[in-house]
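Q: pasting a predicted model and its sequence here:
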Amino acid sequence: SFSGALPPPADESTPAGPEEALEAAVARVNLLLDGYELDADECVSDLFNCLTALPADQGRWERATTVLEQIIQRYLSVESVFEGKPMDAVMQQLIRSNSSNLTPVLNQVRAHMRAKQRQDLILSLLKQAPTLPQRVLSRGPISWADDHAPISDSLRGNIEALSKLRGNEYGDIAVVASNILIERRLPSIDKRLEELKKILIGSQPVSRAWGKA
């Protein structure tokens, strides 16, 4: 029976520079999300290496967060259709909505059938995302929660959508996404270190801006 696994299209070209290499890495991630059989950890590692290799003076952080947002959106565009619903009911609705052209239906089903591989990629992406500021910003050391590593409202919204996915199969993704949102709400590392210094020298009681100890 068909398992949903497809080998990726052959690509014999060699990227000419950092931008082309990044485009190739993003394309591989997209192929995996579309249901082609690729290694999730390798795809994410290659992607992050390509982001790090971009010229530092060309909005590297903004480009990195845009790429993350596009990947998460691509994942959600399929899983938001299937989450918490019987497969048969989803199939019937997709066929009714695309009766004149079933190609989009086949594409969505093919992608969803590779749910475990897709989940592995998003999990790897989320777990490595907090290391991005140190890897792509030249103003380090900078943490994921630092004020100098801002993320857009739309990226934050997509991460929140991941944290709210319903179903046992999305449990790990929801937990990691929730932890990222919590980390983003904390004060920056610099502020927390300054507060810790004051506490240690006794000039400030043990209380925090994000809650009492």
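A: Thanks, I have it.

Q: hmm, who's touching the helix of greatest length in the chain?
A: Longest helix of the chain, by residue count under DSSP state H: helix 60-82. If you take CB atoms under 8 Å, 6 or more residues apart in numbering as the criterion, helix 60-82 is touched by 22, 26, 29-30, 33, 47, 51, 54, 90, 94, 108, 111-112, 115, 118, 121-122, 125, 129, 132-133, 136-137, 149, 151-152, 154-155, 158-159, 161-162, 165, 170. C-beta coordinates here come from the backbone N, C-alpha and C atoms, glycine included.

Q: touching, L32 and L121? I think so.
A: Yes - with contact defined as CB atoms under 8 Å, L32 counts as touching L121 (5.6 Å).

Q: tell me, what's touching those two both at once?
A: Common neighbours of L32 and L121 (criterion: CB under 8 Å, 6+ apart): 40, 43.

Q: about what we covered before: just the buried residues of the longest helix of the chain, please?
A: The neighbour-count check on helix 60-82 (16 or more other CB atoms under 10 Å) flags 60-61, 64-65, 67-69, 71-72, 74-76, 78-79, 82 as buried.

Q: farthest pair within these?
A: Using CB to CB, the pair of the buried residues of helix 60-82 lying farthest apart is R60 and F82, separated by 34.5 Å.

Q: low-confidence stretches in the protein?
A: For the chain, applying pLDDT under 70 flags the ranges 1-15, 57-58, 138-148, 185-193, 202-213.

Q: tell me the helices in it, going along the chain?
A: Assigned by DSSP H, the chain shows helices spanning 18-33, 40-53, 60-82, 87-97, 103-113, 115-128, 132-136, 153-163, 171-185, 189-200.

Q: residues in contact with L121?
A: Counting by CB under 8 Å, 6+ apart, L121 makes contact with 29, 32-33, 40, 43-44, 75.

Q: repeat that with 6 Å
A: By CB atoms under 6 Å, 6 or more residues apart in numbering, the residues touching L121 are 32, 40.
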